[in-house]
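[1] got a predicted structure plus its sequence, pasted below:
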Amino acid sequence: MHFEIDINERTHKVSVEKVGATGPAGGAFRVLIDGVPAAVDARRTDLGLSLVFADGRSVDVALTDRPGGEWFVQLPTADVSAWVDARRYQRGESGGGAKTGAQRITAPMPGRVVRILVKPGDEVAHRQGVVVVEAMKMENELGAPKAGRIKEILVAEGQSVEAGRLLVVIE
Amino acid sequence: MHFEIDINERTHKVSVEKVGATGPAGGAFRVLIDGVPAAVDARRTDLGLSLVFADGRSVDVALTDRPGGEWFVQLPTADVSAWVDARRYQRGESGGGAKTGAQRITAPMPGRVVRILVKPGDEVAHRQGVVVVEAMKMENELGAPKAGRIKEILVAEGQSVEAGRLLVVIE
Amino acid sequence: MKVLIANRGEIAVRVMRACKELGFGTVAVYSDCDRNALHVRLADEAFHIGPSPASESYLRIDKILDVAKRSGATLVHPGYGFLAENEEFGQACVDAGLTFVGPTPHVIALMGSKTAARQAAIAAGVPVVPGTADPFGDDATDAWITSEAARIGYPLVVKAVSGGGGKGMRTVATPEELLPSVRTARSEAGSAFGDSAVYLERRIIKPRHIEIQLLGDHHGTVIPFVERECSIQRRHQKVVEESPSLALSVETRTAMAECAAMVARSVGYTNAGTIEFLLDEHEQFYFLEMNTRLQVEHPVTEQVTGIDLVHWQLRIALGEKLTIDPVQALTPRMHAIECRIYAEDPDKGFMPSPGLVRALSTPSGPGIRDDRGVTAGFEIPIFYDSMIAKLVVWGDTRTDAVARLRRALDEYRVVGVKTTTPFFQWLTEQPEFLEGRFDTTYLDNLLKTRQGQVFAVADAAAERDATVAVALMSWFRAHRAVTGTAAPTTSGVWRQSGLREGLRN
Amino acid sequence: MKVLIANRGEIAVRVMRACKELGFGTVAVYSDCDRNALHVRLADEAFHIGPSPASESYLRIDKILDVAKRSGATLVHPGYGFLAENEEFGQACVDAGLTFVGPTPHVIALMGSKTAARQAAIAAGVPVVPGTADPFGDDATDAWITSEAARIGYPLVVKAVSGGGGKGMRTVATPEELLPSVRTARSEAGSAFGDSAVYLERRIIKPRHIEIQLLGDHHGTVIPFVERECSIQRRHQKVVEESPSLALSVETRTAMAECAAMVARSVGYTNAGTIEFLLDEHEQFYFLEMNTRLQVEHPVTEQVTGIDLVHWQLRIALGEKLTIDPVQALTPRMHAIECRIYAEDPDKGFMPSPGLVRALSTPSGPGIRDDRGVTAGFEIPIFYDSMIAKLVVWGDTRTDAVARLRRALDEYRVVGVKTTTPFFQWLTEQPEFLEGRFDTTYLDNLLKTRQGQVFAVADAAAERDATVAVALMSWFRAHRAVTGTAAPTTSGVWRQSGLREGLRN
């Protein structure tokens, strides 16, 4: 099987092939990541997956699926978000219409939009504040995940938003 | 909804009726157990159910489903096995044909049958040894869960059995 | 005998454990969003007290007293936060014939006032930060203010009596800044709190926050404990606490403990309380304030002394005499460190990150205590403090404790939500932290210099691992859909889950 | 530096934690059924070494040495069990240039022989159970045997040198029974072990099992620790261990510790080891045997002394000098108790009850240490010891520790398998246990009188609760099937689970 996986603004092409007997509990796989091969034994766990690579390296990975094809990946050393086949998910998404490379800012928690700091067409720098959401009595400024141009703003000041709600699209 | 639940050789007739808004996460219920009513708020948890009764009593219950309509119920104070609508399950069971009141002895773990201590038609007392299964280098004598007559023996000495395998039926 | 625990989360769980160990029944209260919280599940009895906002549930004195009546509880433990330092609540318990596990309402009120507490400390002969004896209003003359400031010495701070969270507060470095600063502080406090009274206090340079836990019984005995250091703070919130402090000599410890006990004795203090001090660069200490309740960070004291503070809270409330050996209380047997693990995203300015805990794996083994109010399957509510756990570790030395802390942080996996764990993993690598060279300004200053840099950077190897994991999980999902192994209709709740299928070969 | 842990389960996890705290890399080995075990998941590296039976994996010296080579590990920690007391393995490690974390192969072999160890104890001037100096064969005359027996005194025990598990062992109450018992013991041992040599030993009445942990470095220092009492045994297997013992005066402790150290010094013992003694009714103690490895029950000693034994095992192996304060090692700061929680059904004669752990909730908070090798989703294998965890609790006094133990047992929920928890809940209510009136025969005798009675009886209220729970869970299942809320096809692994849906409102 082939996947396109977006992590940290990079897209990786991955192919997965099972090696020998592999059940839903796990088994041995040959994985090609951007053309580089890796042999890995993967088993499903209460947290996600236990990976053991051919050289013996053991990595315990926690995985959480989120709306829009996102996976929240918790490694022992760092947390990252990944999108599987992002194009497919983005095509189907209402109000999005973003192409690969577009960044979406979503509400990380339920709250109220108190300020919008940009308008469509604005150029924003990496980490520049874009929108302020109040939740748990704290104002939280959401910054641009990368430099770009504001393509779309999908909320208004004062509006209540649920967690995961798409707020702004940057292209 | 109505259920028949067998616990400790007794059959309880239970009806469950939801009270107000109740989702899959839980809610408030009115339960009739053998005609005696109880009001309970029940929520699903990682272990099973959290129950809070009308008088405030809080009980955290762990529940495991097993083949044949059995539930393994772990209360803070004791563990018990229960069968829901046992008749229905027993009708459909191959090789069983037992009616309500019949007791089945199953292999509690994978192992090997080393001795069968009874033959069909034998009368057995409560806790009397019926079959010996070897597992983890230990011989484990399985006793009669209640007094009765051996109806059927479904394994032979020397035979390997998987966990849950029906060994003997007592009526 | 039943104890009503008028709180939620980890502290409610911690108090319940003490109750069970002492043989008392436990009564929990809960709001809408806490129905399946751990404190409800562990309690013998649980009662709903209202909607999720604290003002409609955990802060409702009437509802809590009603639960006490319905359940037949005779003791009320307030935990910390919510109603713990509310003298009205203490009084209402007393009026209802309940035993409040804490000091008397009178003492709560007295020590709750910053200026009254300061007066009590002065009266007990305990050093306070030099400052004006009383707050002053609009009637104070410029000349008087200027002469008071000269007496106190610069730099100093103008503080509003009713202030908090930095509002109504101004730092004054030179005499020229004095009068303008007093005016702005006054006007800010007046509009924010409706009270424009302010006072002057010397500004301590590089202050360390050191506090003394104490217990007082109803027979006149007050026992002070070895200090806790809580200088690692972010925006005036403690994030790491430890005991003992690296900055204190045994002589200063003894002197500080004696001062704390003097203040407590002078006001007839009973039950558990903490006196906070500032320690300057010259190991001089100054009374700061008193907390008239159990502190969040009490476990580090329990670990280093082997004394269970919550047991004693309950025993004192029932009239028992303190039989603790004062030397044991004042002598650390080991070094303990506590980290407050929050559902916050440290890489986004510590923004709250509540949500569903999908799965949970916590550290165990030697030298670990995990005080937690959250289980797998619990949705951390948006309505309260988002603390997940207090991770307490100990070792023979501070170095051992820090090594263990790192090990424990690596093992702590809260699946589905962002936590402050990566921040602590970073902090425990900082030389100043490792060498104990810090004060209350350390962390905010350090965070400023980082300008929002990510704490735990996913390097190329980690990115690769994540890519492999996501690809394989996607494979499993697709595979399951194809082979139809999922969700056999006759199987159970757990059998239907991917986990269950996944693990059955 | 990397450490290969040649073991599995909780002890592999415990050793890994020590390695991580000391900054060493960790290398795990695993058999087929342990692929997703906790010790594999926590390790930096993990290598498959064969099928599930131990004889094809964890006991395969060649495969383990091969992993050491492939991984570049330079230290090997054997844990307990498996190869821990196998001198061949120790020698093979040495031959391969690896550092074996344990005593030398020579000392393992020496102290592994019951008679050689006994000789070493006698040579060191340590009391042993009175008996024949050497084993004797068919050539011993009846007259000699009779006179030896008279010297030793009745009752006595005939024991086969190669015996074990009660085989080749006979108790002799009177002189008349002597010669027939010797003959049957010999013939039983001859056919069972191919070695008919036996010896005579006085039978100690109401013996308590007391043992002394010790550490020895490569510079001649041996440090003995405060005793552990392990008299609560079922069929010669320890089930509860505690420290300190209620049966020992400080004088006897000191004497016993000194004896243990003398034996260890006399054989040049290095690394961690334990000397087991029997204590009779008159507080006389007798050398029993030495265990040349880390014991299962080592955590109780760590808790009461604050000394990390596994840290020291690694440090000693690397040539460090012991710098432990001997007084700290010999002085209990508190009371600690360990329960071995097994996947066994105590209500069916402690029959093994392996299987899938569906969910897991473990006790935490003050005074708890949970050494566990099992996680939710792990299938406890049928191939090894079915231990789930060692639950260690402590308190200022034994009474406090027992109260905490009860609280912790109530919190321990291993969902899906039967465990020995109900047995411990029952045991901690027994007056003899509470008052410390027990010896190694106590538990077997007590269990005999119970004749298989159920430990935790589900009374009418519990039966009612269970009925309600099962009815409601059935309702939820039916409800979900009807409303079709289950398993939306686009959602994830966890989302598909009943848990996930269940918790989303």
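    Looks like it arrived, so ask away. Residues are numbered from 1 along each chain as shown, chains lettered A, B, ... in the order given.
[2] residue contacts, C:Val454?
    Residues near C:Val454 by C-beta atoms under 8 Å, 6 or more residues apart in numbering or on different chains: C:Asp347. Yep, even glycine has a C-beta here, placed from its N, CA and C like the rest.
[3] on the three-state scheme, it is what?
    coil (DSSP: H, G, I helix; E, B strand; the rest coil).
[4] now do the strands in the stretch 51-200 of chain C.
    Ranges of strands in the stretch 51-200 of chain C, per DSSP state E, counting those that start in this stretch, are C:75-77, C:99-100, C:156-164, C:167-172, C:198-202.
[5] just those strands: most buried one?
    Highest mean neighbour count of the strands of the stretch 51-200 of chain C: strand C:75-77, a mean of 27 (counted as mean count of other C-beta atoms under 10 Å in any protein chain shown).
[6] that one pairs with which strands, and in what direction?
    If you go by DSSP bridges, strand C:75-77 pairs up with strand C:2-5 (parallel), strand C:99-100 (parallel).
[7] identify all contacting residues around the shortest one.
    With C-beta under 8 Å, 6+ apart as the contact definition, strand C:99-100 has outside contacts at C:Thr74, C:Leu75, C:Val76, C:Pro78, C:Phe89, C:Gly90, C:Cys93, C:Val94, C:Ala317, C:Leu318.
[8] who's in contact with the fifth one?
    Under the criterion of C-beta under 8 Å, 6+ apart, the contact list for C:Phe89 reads C:Ala6, C:Ile61, C:Ile64, C:Pro78, C:Leu83, C:Phe100.
[9] likewise the first one?
    By C-beta under 8 Å, 6+ apart, C:Thr74 lies in contact with C:Met1, C:Lys2, C:Val3, C:Leu98, C:Thr99.
[10] surely C:Ala329 forms part of a helix?
    Yes: with three-state DSSP as the criterion, C:Ala329 is part of a helix.
[11] separation between it and chain B?
    Computed as C-beta to the nearest C-beta, to the nearest Å, the C:Ala329 to chain B distance reads 35 Å.
[12] helix, strand or coil: sort out the residue nearest to C:Pro326 when sequence neighbours are not counted for me.
    What sits nearest to C:Pro326 in space, not counting adjacent residues and going by C-beta to C-beta, 6 or more residues apart in numbering or on different chains, is C:Ile223, at 5.6 Å. Here C:Ile223 is recorded as strand under three-state DSSP.
[13] how deep is C:Ile223 tucked in, by neighbour count?
    22 (other C-beta atoms under 10 Å in any protein chain shown).
[14] what about C:Lys390, which SS state?
    Reduced to three states by three-state DSSP, C:Lys390 is strand.
[15] tell me the contacts of it?
    C:Glu10, C:Val296, C:Glu297, C:Pro299, C:Glu338, C:Cys339, C:Arg340, C:Ile341, C:Asp370, C:Asp371, C:Arg372.
[16] mind putting those residues into TSV with pLDDT and neighbour count?
    Output for those, formatted as TSV (pLDDT from 0 to 100; neighbours: other C-beta atoms under 10 Å in any protein chain shown):
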residue	pLDDT	neighbour count
C:Glu10	98	25
C:Val296	97	22
C:Glu297	98	24
C:Pro299	98	25
C:Glu338	98	28
C:Cys339	98	26
C:Arg340	98	21
C:Ile341	98	25
C:Asp370	98	24
C:Asp371	98	22
C:Arg372	97	23
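[17] filter these down to the ones in strands?
    Among those, the members found in strands (DSSP state E) are C:Glu338, C:Cys339, C:Arg340, C:Ile341, C:Asp370, C:Asp371, C:Arg372.
[18] D:Ser55: which of the residues you listed is nearest?
    The closest of these to D:Ser55 turns out to be C:Asp370 (C-beta to C-beta; 38.0 Å).
[19] nearest spatial neighbour of residue 18, skipping sequence neighbours?
    No chain was given, so I picked chain A. Closest residue in space to A:Lys18, ignoring its immediate chain neighbours: A:Phe29 at 5.6 Å, by C-beta to C-beta, 6+ apart.
[20] my question was about chain C, not that one.
    Among residues not flanking C:Ala18 along the chain, C:Val310 sits closest, at 3.8 Å (C-beta to C-beta, 6+ apart).
[21] how far away is that neighbour from B:Val84?
    For C:Val310, the distance to B:Val84 equals 42 Å [C-beta to C-beta, to the nearest Å].
[22] okay, these two: which has more neighbours?
    Neighbour count, other C-beta under 10 Å: between C:Val310 and B:Val84, C:Val310 has more, with 26 against 21.
[23] I figured that one hits C:Val15, correct?
    Yes: C:Val310 sits in contact with C:Val15 when judged by C-beta atoms under 8 Å, with a separation of 5.8 Å.
[24] what strand or helix carries A:Lys13?
    Using DSSP states H and E, A:Lys13 maps to strand A:10-23.
[25] name the residues of that strand that are buried.
    Of all the residues in strand A:10-23, those buried under the rule 16 or more other C-beta atoms under 10 Å in any protein chain shown are A:His12, A:Val14, A:Val16, A:Lys18, A:Thr22, A:Gly23.
[26] kindly export that strand (C-alpha atoms) in CSV.
    The C-alpha coordinates for strand A:10-23 follow below in CSV (Å, rounded to 0.1, in the frame of the first residue of the first chain):
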residue,chain,number,x,y,z
ARG,A,10,7.2,18.0,4.3
THR,A,11,5.4,15.3,2.3
HIS,A,12,6.8,11.7,2.5
LYS,A,13,5.9,9.0,0.1
VAL,A,14,5.6,5.7,1.9
SER,A,15,4.9,2.2,0.8
VAL,A,16,4.1,-0.6,3.1
GLU,A,17,4.5,-4.3,2.3
LYS,A,18,4.0,-7.1,4.7
VAL,A,19,6.6,-9.8,5.1
GLY,A,20,5.3,-13.2,6.0
ALA,A,21,2.4,-13.8,8.3
THR,A,22,0.9,-10.6,9.4
GLY,A,23,-2.4,-10.3,11.3
